[in-house]
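**Student:** With the sequence up front, the predicted model follows.
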Amino acid sequence: MPTFTYAAKDPNGRTVEGSLEAESQQDVLAELRQRSLTPVRVQQGGKKGKKPAEQAVPGAAAKPAGGFSLSFGKQVAKANREELVLFTRQLSTMIGAGLSLIESIEVLADQAETPGLKTTCQRLSSELRAGSDLSSAMEQCPKAFSPLYISMVRAGEASGQMDVILERLAEYTEAAEELRREVKSAMTYPVISLALVLGITAFLMIGVVPTFRQVFESLNSNLPKITKLTLATSDWMRTSWPTLLGLIALAAAGFFMFSKTKFGSFFLDHARLRLPIFGPLARKIALARFSRTFATLIRSGVPIMGTLDIVSNTAGNQVVSRAVDASKESVRNGNMLSEPLSQSKVFPPMVVRMIAIGERSGALEVLLEKIAEFYDSQVKAQIKALTSLIEPLLISFMGIIVGGVVLSVFLPILDIVGKLGQGGS
């Protein structure tokens, strides 16, 4: 009877290695599952002095001799947000159904539709077959998995509830992605509309208005002030457009470089929260992200200090991040989280009060989820209101710009026609 060596995860997330005599690899997998172990690697022992030949897990695609190995070099495994949501949901389902971790990863690699996700899954499989934990393997793919994601997976390994943690991760990523899509969708229409307005205006000023200058000069008439201003602007745009484009590019590059500095990032995030219309929306988005991330990590068993580190890094706003960072020392000294948050003036009294109630009652994650749901609904309602308000504003802006150019061109013509009519009568 052949001997198989194996590596598996116990209910506490620890790696267990050993050997079993069995008729086939399937018998080894069945035996490990009966022992409440999650198979990671199964190898059939070879002759003495030779390296065991690793056996492919059922359901995985054929791999090169010696097992699944891939030389990545400096290649970076990367997957986008939509792929990550689907990956998490499918991985949770397969592990919950009893498939081994490495088998689930390799199935996902086989059915991946994009090179980014396939490379990510292959990298994870390679690390797992080398004996790494899933969380450690994910650390090798920083472009695909955030610190939040890795910390929750590590908590799942420690608790032995990987399928439950992945289910929560899937719910979290789906909710975060839905909110991001809502915001992106709301901003797409005004950005495209504004670009069209500016494009039409540039076409009129550079391509249409100059053709009327000779007509006006030949008539030798006294032009209205709006017409003189339009002609002067048209001349400046035609002669100075390279300078204008250079100034725009320089301003954009300067803004980008400024936003990458520590001071610039904080300054812009602070200014964003104080904008007259979009400021309240940005604040609600940041609070929704903070509450949902905090609730998901606490519910998954991540320690409070680790949770605060991750929440600070994923808040999406430097003002909120600094407020969370300032609360770490207070929490480390045994104080309640709500106390330093109330002093930051970033979090509304309702949020601080609910966090304080959650800390006293031991139901912090429940109340944080309620806060996230509340601000999610607030964000969606405000986005709809802004969308319905932006459309007529853009139409009015387009009417003013285009109408002003047309009016400035036709006013002298109408004036001349009126004078000719009076002379003829």
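**Tutor:** Arrived safely, thanks for sending.

**Student:** going forward, measure contacts between C-alpha atoms and count neighbours the same way
**Tutor:** Noted.

**Student:** what about A7, which helix or strand?
**Tutor:** Assessed by DSSP states H and E, A7 sits inside strand 3-9.

**Student:** Toward the C-terminus, what is the element adjacent to that strand?
**Tutor:** Following strand 3-9 in sequence order, the next helix or strand is strand 15-21 (DSSP H and E).

**Student:** which other helices and strands contact the helix or strand following that next one?
**Tutor:** On the C-terminal side of strand 15-21, the nearest following helix or strand under DSSP H and E is helix 25-34. Judged by 3 or more Cα pairs under 8 Å, 6 or more residues apart in numbering; DSSP states H and E, the packing partners of helix 25-34 are strand 3-9, strand 38-44.

**Student:** domain parsing for the protein?
**Tutor:** 3-54, 81-145, 161-425 (automatic domain parsing).

**Student:** Pull up the pairing partners for the strand holding A7, direction included.
**Tutor:** Strands that pair with strand 3-9, judged by DSSP bridges, come out as strand 15-21 (antiparallel), strand 38-44 (antiparallel).

**Student:** For Q378, which non-adjacent residue is spatially closest?
**Tutor:** Nearest residue to Q378 in three dimensions, chain neighbours excluded: K284, at 7.4 Å (Cα to Cα, 6 or more residues apart in numbering).

**Student:** For the host helix or strand of that neighbour, name the packing helices and strands.
**Tutor:** Applying DSSP H and E as the criterion places K284 in helix 278-299. Applying 3+ Cα pairs under 8 Å, 6+ apart, we find helix 278-299 packed against helix 162-203, helix 262-273, helix 304-314, helix 364-424.

**Student:** what is the rounded mean pLDDT of the first one?
**Tutor:** What it means is helix 162-203. On average, the pLDDT along helix 162-203 is 80.

**Student:** Quick check: A144 is in a strand.
**Tutor:** No - in this structure, A144 is coil, not part of a strand, as judged by DSSP: H, G, I helix; E, B strand; the rest coil.

**Student:** thought it was touching C121?
**Tutor:** No - applying Cα atoms under 8 Å, one finds A144 not in contact with C121, separated by 10.2 Å.

**Student:** Which one's more surrounded, the two?
**Tutor:** C121 (27 against 20; other Cα atoms under 10 Å).

**Student:** ok, the closest residue to the more buried one other than its chain neighbours - contacts?
**Tutor:** Leaving aside its chain neighbours, C121 sits nearest to A109 (5.0 Å; criterion: Cα to Cα, 6+ apart). By Cα atoms under 8 Å, 6 or more residues apart in numbering, the contact list for A109 reads 117-122.

**Student:** Among these, name the ones in helices.
**Tutor:** Cross-referencing those against helices under DSSP state H gives 117-122.

**Student:** can I get these in TSV with pLDDT and distance to M398?
**Tutor:** Output for the ones in helices among the contacts of A109, formatted as TSV (pLDDT from 0 to 100; distance: Cα to Cα, whole Å):
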residue	pLDDT	distance to M398
L117	84	43
K118	86	46
T119	87	47
T120	87	47
C121	88	49
Q122	88	51
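
**Student:** So which of the residues you listed is the closest to S193?
**Tutor:** Among those, L117 lies closest to S193 (Cα to Cα), at 34.1 Å.

**Student:** Dump stretch 373-382 to CSV, restricted to CA.
**Tutor:** Extracted C-alpha coordinates of stretch 373-382, given in CSV (Å, rounded to 0.1, in the frame of the first residue of the first chain):
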residue,chain,number,x,y,z
GLU,A,373,-26.4,51.0,6.4
PHE,A,374,-27.7,54.4,7.5
TYR,A,375,-25.0,56.3,5.6
ASP,A,376,-25.2,54.0,2.6
SER,A,377,-28.9,55.0,2.2
GLN,A,378,-28.0,58.6,2.8
VAL,A,379,-25.3,58.5,0.1
LYS,A,380,-27.6,56.9,-2.4
ALA,A,381,-30.4,59.4,-1.7
GLN,A,382,-28.0,62.4,-2.0
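
**Student:** tell me the mean pLDDT for that stretch?
**Tutor:** Computed over stretch 373-382, the average pLDDT equals 86.

**Student:** Identify the residues contacting that stretch?
**Tutor:** Identification of contacts with stretch 373-382 by Cα under 8 Å, 6+ apart yields 179, 182, 281, 284-285, 287-288.

**Student:** Can you check which of the helices and strands packed on helix 278-299 gets nearest to R353?
**Tutor:** Ranking these by distance to R353, with Cα to Cα as the measure, places helix 364-424 first at 10.2 Å.

**Student:** okay, the angle between the closest one and helix 162-203?
**Tutor:** 10 degrees (axes from the mean of the first three to the mean of the last three Cα atoms, to 10 degrees).

**Student:** Give me the pLDDT for G418.
**Tutor:** pLDDT, read off for G418, is 68.

**Student:** swap in R33?
**Tutor:** So R33 comes in at 68 (pLDDT).

**Student:** cool, and R353?
**Tutor:** In this model, R353 carries a pLDDT of 90.

**Student:** D10 too?
**Tutor:** At D10, pLDDT is 65.

**Student:** swap in G254?
**Tutor:** 92.

**Student:** ok, it - how many residues close by?
**Tutor:** 11.

**Student:** what does L281 give?
**Tutor:** 22.

**Student:** quick one on the thing from earlier: could you pick out the buried ones from the contacts of stretch 373-382?
**Tutor:** Buried by 16 or more other Cα atoms under 10 Å: 179, 281, 284-285, 287-288, out of these.

**Student:** Alright, I will stop here.
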